[in-house]
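# my questions concern the predicted model and sequence given below.
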Amino acid sequence: METAGFETFEPTGELGHSDVNLDMIVDVPVTLSMEVGRTSISIRNLLQLNQGSVVELDRVAGEPLDVFVNGTLVAHGEVVVVNEKFGIRLTDVISPSERVKKLQ
């Protein structure tokens, strides 16, 4: 039986784009979501919600929104309106090395 040979992986500490062939993954779909805030609510209270109900969130007005890609925090931003549609202006992007640290 032959054994397969693999190159040794040497982490560089910072993810460098020059070492990665992005052409292989640029068309892979991902889910981008923005979070205004969170709250915990009992099922009893959830079932009582109707049109006009207000749900208090854990954020103060004016605080940045969280931007997630496939459930991973990648940035913070603020809501903007562009051509009568909502958008988000990124104010802080989490570095690739910080994202990797959070995965460990």
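Yep, it's here.
# CA atoms for contacts and neighbours, from now on please.
Noted.
# tell me what the longest helix belonging to the chain is packed against?
In the chain, taking DSSP state H as the definition, the longest helix is helix 96-103. Applying 3 or more C-alpha pairs under 8 Å, 6 or more residues apart in numbering; DSSP states H and E, one finds that helix 96-103 contacts strand 72-82.
# and the strand it packs on, what's buried?
Neighbour-count burial for strand 72-82 flags 73, 74, 75, 76, 77, 78 (criterion: 16 or more other C-alpha atoms under 10 Å).
# what angle do the helix or strand of the chain with the lowest mean pLDDT and strand 72-82 make?
Among the helices and strands of the chain, helix 96-103 carries the lowest confidence by mean pLDDT, DSSP states H and E, at a mean of 77. Helix 96-103 runs at 120 degrees relative to strand 72-82, counting by axes from the mean of the first three to the mean of the last three C-alpha atoms, to 10 degrees.
# got a pLDDT number for the nearest residue to residue 74 once chain neighbours are set aside?
Spatial nearest neighbour of residue 74, excluding adjacent residues (C-alpha to C-alpha, 6 or more residues apart in numbering): residue 94 at 5.1 Å. According to the prediction, residue 94 has pLDDT 91.
# which residues does residue 94 contact?
73, 74, 75 (C-alpha atoms under 8 Å, 6 or more residues apart in numbering).
# out of these, who's nearest residue 23?
Residue 23 has its nearest neighbour among these in residue 74, at 21.0 Å by C-alpha to C-alpha.
# roughly how far does the closest one sit from residue 56?
Using C-alpha to C-alpha, to the nearest Å, residue 74 is found at 25 Å from residue 56.
# kindly report the same for residue 79.
Using C-alpha to C-alpha, residue 79 is found at 18 Å from residue 56.
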